[in-house]
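Asks: My questions are about this predicted structure, shown below with the sequence.
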Amino acid sequence: FLPSPELVEAARQLATHGKGVIIDAECALPSSVTAELGLLDAETASVAIPFFEWRAFPAIHRLHQLLDAGELGDVLLVSVERSFAIDSENTLDGMLDENVIRASLCRDIDLLRWMGGDYSQVTLFRTGATDRGFAGQTLNLAGDALPDATCLYRSGKDHAWTCEVQGSSGIASVCCDREGIRLAVNGKHVLTQDDVRADTALCLRWIDEAMERWPGSLRWEDSTRVHEIQEAMQRSLRRRRTIDLHFETASERSQFKTQMATVGCFVLAYTCFVSVLLLLAG
């Protein structure tokens with residue numbers, strides 16, 4: 001959803017005065033505000049925390065623990081597959097559109113990054129695209145020494161979602177449907193979550209760790225990366241090729257270097273132009 005200008009300004013003012021700000025990761029902030037919060041988080045005492053509620057689902061959290069413990073071996077592939085029910089509220093003649101997938105896209109990209117790593121290449125293509133929407137969408141993420149990551153969207157009979165991790169020593173998957181969320185490892189049931197809700201105690205612990213800036217805790221940089229991938233998806237779809245992401249830590253020093261480089265290029269170009277005019281005049 002797009003927050004009101006008043007809420008955006010309030011978050012900006014709190015961060016400017018060094019206060020901690022917790023923002024829903026699905027919140028569609030303008031790019032300028034996202035960049036400003038990232039700069040304040042990196043250069044001031046304020047702490048901007050993206051709230052990734054889905055990371056605190058017991059089944060998903062347990063899957064991430066399996067990866068950290070190395071029980072699946074070397075991770076080879078991380079995939080997310082989501083189907084949307086065909087009805088008048090969500091699809092038009094079985095077609096998907098941007099409004100349908102927007103809420104799910106943010107969490108799925110974050111899960112791919114959380115399970116696989118900080119990806120730097122984005123490729124997006126759609127099937128059955130028309131003026132009314134598209135039949136399916138496939139997102140591929142890649143990076144140096146990182147497992148392949150795939151996110152597949154399609155229309156179906158019911159809402160369903162699956163996250164699967166393939167490792168050299170086994171396969172683990174989390175499935176979500178009307179019956180709840182289930183975790184299976186190598187085909188064996190491990191955990192069942194009846195309600196689709198996050199663990200409140202785990203959320204509070206992660207927020208405390210983020211406020212204290214513990215290593216590996218939630219950082220605003222995670223939210224920034226998700227937004228950058230979403231923007232790269234549109235460029236990839238428009239140009240029909242893979243888009244390379246060039247990450248740079250936000251800092252006043254890097255911005256100063258960029259500004260000085262721009263001014264220097266302008267001075268050199270202006271000097272060259274004036275020199276040509278003087279030669280012609282001579």
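Replies: In hand now; what should we look at? Not measured: the values here are computed from a predicted model.

Asks: Residue 226 against residue 108, yeah?
Replies: No - using C-beta atoms under 8 Å, residue 226 is not in contact with residue 108; the gap is 9.7 Å. C-betas here are computed from N, CA, C, even on glycine.

Asks: How about the contacts made by the nearest residue to residue 203 once chain neighbours are set aside?
Replies: Leaving aside its sequence neighbours, residue 203 sits nearest to residue 56 (C-beta to C-beta, 6 or more residues apart in numbering; 4.8 Å). With contact taken as C-beta atoms under 8 Å, 6 or more residues apart in numbering, residue 56 is in contact with 198-199, 202-203, 206.

Asks: Show me which of these is closest to residue 133.
Replies: Residue 133 lies nearest to residue 198 out of the contacts of residue 56, by C-beta to C-beta, at 30.6 Å.

Asks: related to what we said a few turns ago, select from the contacts of residue 56 every entry located in helices.
Replies: 202-203, 206 (DSSP state H).

Asks: Could you identify the buried members of these?
Replies: Using 16 or more other C-beta atoms under 10 Å as the burial test, these include 203, 206 as buried.

Asks: can the ones in helices among the contacts of residue 56 go into a markdown table with extra columns for distance to residue 165?
Replies: Formatted as a markdown table, the ones in helices among the contacts of residue 56 follow (distance: C-beta to C-beta, whole Å):
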| residue | distance to residue 165 |
| --- | --- |
| 202 | 20 |
| 203 | 23 |
| 206 | 21 |
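
Asks: could the ones in helices among the contacts of residue 56 go into TSV alongside pLDDT?
Replies: Converted to TSV, the ones in helices among the contacts of residue 56 look like this (pLDDT from 0 to 100):
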residue	pLDDT
202	88
203	87
206	86
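
Asks: tell me which of the ones in helices among the contacts of residue 56 is nearest to residue 63?
Replies: residue 202 (13.7 Å).

Asks: How about the closest one: what's its closest non-neighbour residue?
Replies: residue 56 (4.5 Å).
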